[in-house]
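Participant: I would like to see how this sequence folds:
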Amino acid sequence: MSPQFDSLTVGDIVAERQVTLDRDSLVRYAGASGDFNPIHYRDDVAAGVGLPGVLAHGMLTMGIAAGAATDWAGGAHLVKDYQVRFTRPVLVDPQSGAVLDISAKVAALDAEAKTARVDLTVRFSGNTVLGKAQIVIGLD
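Facilitator: Just a heads-up that it's a prediction; the model follows:
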C-alpha cells in the first residue's frame, strides 16, 4: 500500500537499507542486462585498464538504490522520474563483496501533482557513490 501524500513531511527518512553485492550478483546482473564488460567480473581485465578491482555495474547500483524508494512507495509503477550521477565506483572484493548503505529522504513535495521527490544517499566504504540521486514518486 502506498503512503498517503498528506502524511509526508520534507525531511522524513522513508527508507534505509544495507545491501551486500558479491561477484555472483555481478554475473547475474550481466546476464539480465546484457552488459558483459569484463571489468565487472575479471580482476585481470580491471587491472589491465587501470582500475583498482572489479566494479559493480553503475546501473545495478542505481537500480538497488531505486528499490529502497519503490518498496516504500508501493511499487515501481509510481515512479515519475529518476535521475542520478555516477560519482565513485563500487569495488566488489572477491571474498567480502561490497556493502551499500542506502537512505531515502523526502526532499520536496508537490501538492498539486501529488508527488514526492525523494533524495537517495548511497554510500560504499563511507563514500557517496551516486550524486544527485533523485526519484519522484506519484502518491494519492
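Participant: quick one: low-confidence parts of the protein?
Facilitator: By pLDDT under 70, the chain contains no weakly predicted segment.
Participant: in it, which spans are strands?
Facilitator: 13-21, 79-86, 98-110, 115-124, 127-128, 130-138 (DSSP state E).
Participant: can I get the ones you listed in TSV including mean neighbour count and distance to Met62?
Facilitator: C-beta coordinates here come from the backbone N, C-alpha and C atoms, glycine included. Formatted as TSV, the strands of the chain follow (neighbours: other Cβ atoms under 10 Å; distance: least, Cβ to Cβ, whole Å):
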stretch	mean neighbour count	distance to Met62
strand 13-21	15	12
strand 79-86	14	5
strand 98-110	18	11
strand 115-124	21	9
strand 127-128	12	13
strand 130-138	20	7
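Participant: for the ones you listed, which one sits closest to Ala32?
Facilitator: strand 13-21 (13.9 Å; Cβ to Cβ).
Participant: for the residue nearest the centre of the chain, what are its contacts?
Facilitator: The geometric centre of the chain, computed from its C-alpha atoms, lies nearest to Ala65 (Cα atoms, centre = their mean), at 2.1 Å. Residues in contact with Ala65 (Cβ atoms under 8 Å, 6 or more residues apart in numbering) are Val84, Leu100, Ile102, Leu120, Val122, Leu130, Ala133.
Participant: what is the nearest of the residues you listed to Gln4?
Facilitator: Closest to Gln4, out of all of the contacts of Ala65 and judged by Cβ to Cβ, is Leu120, at 21.2 Å.
Participant: now do the closest one against Tyr82, distance only.
Facilitator: Applying Cβ to Cβ, to the nearest Å, the value for Leu120 to Tyr82 is 9 Å.
Participant: now swap in Thr70 and tell me
Facilitator: Applying Cβ to Cβ, the value for Thr70 to Tyr82 is 9 Å.
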